[in-house]
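Chemist: Sequence below, structure please.
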Amino acid sequence: MALSNNLTAILNLIAFLCSVPIIASGIWLAAQPDNECIHLIRWPVVLLGLLVLVVSLTGFVGAYWYKETLLAFYLCCMAILIALLLILLVFAFVVTRPDGSYDVPGRGDREFRIQGFSPWLRSHIVNSKNWGAIRACLAETDVCSRLTSRYLSADQFFAGHISPLQVSSI
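Modeler: The predicted structure follows:
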């Protein structure tokens, strides 16, 4: 067997082994009590793990036993997965690029206005169905309780540097 096939088989075996914890974490998320924060990602994580498992197993078998049809299927699937990942990456950059923040004199943090965000994100957040889930997710976190224990006075709060998530939950 050629060196490149051995290398492909080893890398796909490693990817196959790495897909098991991805699937396990997706199943663990699905078994958790209903939580608005993880509601959207539980099944996509399992699906991603299964896709990695199938593609890496196909690549391993095709490279180890030199099955040209499996290797061709593996290469097509990898090309599709890479293209989807690039599309997701570009989408994330386009949506999150304008952050809606501006400086406020005399304050350590930045103010955020919904008008400064991308139109897609703005319409997604303003939608009453989505905002209920976002609000429930923020209510389940301990962001506000950490703020009250960290800043004892209003002057400390306004001079402190807090994250956009902490600003939005106030």
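Chemist: In terms of pLDDT, where does R107 sit?
Modeler: As predicted, R107 sits at a pLDDT of 71.
Chemist: ditto for L165
Modeler: Here the pLDDT value assigned to L165 is 57.
Chemist: Tell me who's in contact with the spatially most central residue of the chain.
Modeler: Centrality entry for the chain: nearest residue to the mean C-alpha point is I41, 8.1 Å, by C-alpha atoms, centre = their mean. Counting by C-beta atoms under 8 Å, 6 or more residues apart in numbering, I41 touches L29. (Glycine included, C-beta is placed from N, CA and C.)
Chemist: any idea how far T141 is from it?
Modeler: Remark: distance between I41 and T141 (C-beta to C-beta, to the nearest Å) = 16 Å.
Chemist: now swap in V54 and tell me
Modeler: V54 is 35 Å from T141, by C-beta to C-beta.
Chemist: and what of A83?
Modeler: 35 Å.
Chemist: So between the two, which is more surrounded?
Modeler: Shown here are A83 and T141; by other C-beta atoms under 10 Å, T141 has more neighbours (13 against 10).
Chemist: Kindly report the domain assignment for the protein.
Modeler: Listed by automatic domain parsing, the domain ranges of the chain are 3-96, 99-168.
Chemist: what about the helices in this structure?
Modeler: 3-31, 42-64, 68-96, 119-126, 128-140, 143-150, 154-159, 164-168 (DSSP state H).
Chemist: Out of the ones you listed, the one nearest F112 is which?
Modeler: Proximity to F112 (C-beta to C-beta) singles out helix 164-168 among the helices of the chain, at 6.0 Å.
Chemist: Direction included, what does the longest strand along the chain pair against?
Modeler: If you go by DSSP state E, the chain has its longest strand at strand 110-117. Here strand 110-117 has these sheet partners by DSSP bridges: strand 99-103 (antiparallel).
Chemist: Same question for the partner strand: list its buried residues.
Modeler: G100 (16 or more other C-beta atoms under 10 Å).
Chemist: what is the rounded mean pLDDT of it?
Modeler: 77.
Chemist: tell me the angle that strand makes with helix 119-126.
Modeler: 90 degrees (axes from the mean of the first three to the mean of the last three C-alpha atoms, to 10 degrees).
Chemist: Lowest-scoring secondary structure element of this protein by mean pLDDT?
Modeler: Lowest mean confidence among the helices and strands of the chain (mean pLDDT, DSSP states H and E): helix 164-168, at a mean of 58.
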